[in-house]
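# Provided below for reference: sequence and predicted model.
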Amino acid sequence: MSEDKYFKFSNAVLVVPMVAVLTIWMVFWLELRLQVNWSHLGVFPRTLSGLKGVFLSPFIHGSVEHLYNNTIPIAILLGALVYFYKDIYWKVLLWGIFISGLVTWAIGRPSYHIGISGLIYVLASFIFFKGIFTKHYRLVALSLVVVFIYGGLLWYIFPIEDGISWEGHLGGFIAGLFLAILMKVRTPPLKKYDWERDDFNEEDDPFLRHFDADGNFIEREEEQNHTEEASVKITYHFKKSSPEEGKD
C-alpha cells in the first residue's frame, strides 16, 4: 500500500484544530459576557470535587494572554496529530486529557490548575516519541520539527516560574510518552532497494560488478570480449577510373 493511503489530507486536519480553538475562545468569551469566573472548574489536587477538572480544565483560561499563548501550539499540534495519526488521534486526545489530568490531580499544589497547555504537552510528547519509536522517516522528521519548534517547552515541566502549572505540563509529558509506548499505529512499509535485499548478489548489478571487494575498478575479460564481438567492421570498396574515362 502506498504512503498516500496512510498520510492523506482530510477535512478533519482543519476541522479538529478549528473546533478546539473556537471552543476555548468561546468559553472565555462567555466568562466575560456573563461576568463569571469558572476557574473553580479546574483541577484541584487530591480532592473529590477537584476531579471534575480532569476533563473541564482544558477549556478554561485565566487571561487573554494565557489563551493566546495556547492557541497556536494547540492548532499546529492537533493538525499534525490528525494528519499523521488519523487512526488513533481521538484515543490520544481522550486518554491524554484523562491521564494528564489525573497526574496533575495526584501531584499538583493545592490550587486550581486550568488551561489546555497540559494537552499541548501530551501532543508534543506523543508526536516526538512515537515518531522515534516507529522509525519511519516521515514520522522521525515530524519529531525533529516538533523538537525544533517546541523544544523549549521542556523547561516548563520543572518549577522554574511562579504562576505556571508545571505539574500539568509534567502530567501531559508523561501521558504523551505513555501513550506513545502503549498505542499501536500502522505505518507504510519502507521501500527496499535492490541492494537492501537479503538475496542481493553484487555480481548481478551492472555497476558494482566493475569493482572488487576493496572498491578497485576492474575490467572484466568477458566485457572486453563482448565489446570486441559487438564492434562493427566497415570495409570500403573503390574502383580506379581508367585513363579513357573522364575525357570529353
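Noted; the coordinates are in hand.
# pLDDT weak spots in the protein?
Across the chain, the ranges flagged by pLDDT under 70 are 1-5, 190-248.
# mind listing the helices in it by residue range?
Assigned by DSSP state H, the chain shows helices spanning 3-6, 12-34, 53-56, 64-84, 89-107, 117-134, 137-150, 166-182, 221-230.
# any idea how far residue 94 is from the closest residue to residue 129 other than its chain neighbours?
Closest residue to residue 129 in three dimensions, ignoring its sequence neighbours and counting by Cβ to Cβ, 6 or more residues apart in numbering: residue 180, at 3.8 Å. All C-beta atoms are positioned from the backbone trio N, CA, C, and that covers glycine. Distance, residue 180 to residue 94, by Cβ to Cβ, to the nearest Å: 15 Å.
# More neighbours: the two, which one.
residue 180 (20 against 11; other Cβ atoms under 10 Å).
# close enough to count as contact, the more buried one and residue 125?
Yes - if you go by Cβ atoms under 8 Å, residue 180 and residue 125 touch, sitting 7.1 Å apart.
# In contact with the residue nearest the centre of the chain, which residues?
Averaging the C-alpha coordinates of the chain gives a centre point, and the residue nearest to it by Cα atoms, centre = their mean is residue 142 (3.1 Å). Contact analysis of residue 142 by Cβ atoms under 8 Å, 6 or more residues apart in numbering lists 80, 84, 127, 131.
# From residue 131, how far out is the residue nearest to residue 129?
Taken as Cβ to Cβ, the span from residue 180 to residue 131 is 9 Å.
# How about residue 23?
27 Å.
# For these two, indicate the residue with more neighbours.
Taking neighbours as other Cβ under 10 Å, residue 23 and residue 131 compare with residue 131 leading, 25 against 13.
# shouldn't the more buried one be in contact with residue 145?
No - using Cβ under 8 Å, residue 131 is not in contact with residue 145, being 9.3 Å away.
# what about the residue lying closest to residue 125 once chain neighbours are set aside, neighbour count?
Distances taken as Cβ to Cβ, 6+ apart put residue 176 closest to residue 125, at 2.6 Å, once the chain neighbours are dropped. Residues lying near residue 176 (other Cβ under 10 Å) number 26.
# do the same with the one 5 residues further on
The burial metric for residue 181, expressed as a neighbour count using other Cβ under 10 Å, is 11.
# just the one 5 residues further on next, same as before
Counted with other Cβ under 10 Å, residues neighbouring residue 186 total 12.
# quick one, phi/psi of it?
Phi and psi for residue 186, reported as degrees, to the nearest 10, are phi -80, psi 130.
# residues touching it, list them.
Contact analysis of residue 186 by Cβ under 8 Å, 6+ apart lists 6, 87.
# Distance of it relative to residue 137?
Taking Cβ to Cβ, one finds residue 186 at 16 Å from residue 137.
# quick one, phi psi at residue 46?
The phi/psi pair for residue 46 (degrees, to the nearest 10) reads phi 60, psi 30.
# isn't it right up against residue 105?
Yes - contact criterion Cβ under 8 Å: residue 46 and residue 105 qualify, at 6.8 Å.
# who has more neighbours, the two?
Using other Cβ under 10 Å as the criterion, residue 46 and residue 105 rank with residue 105 on top: 22 against 11.
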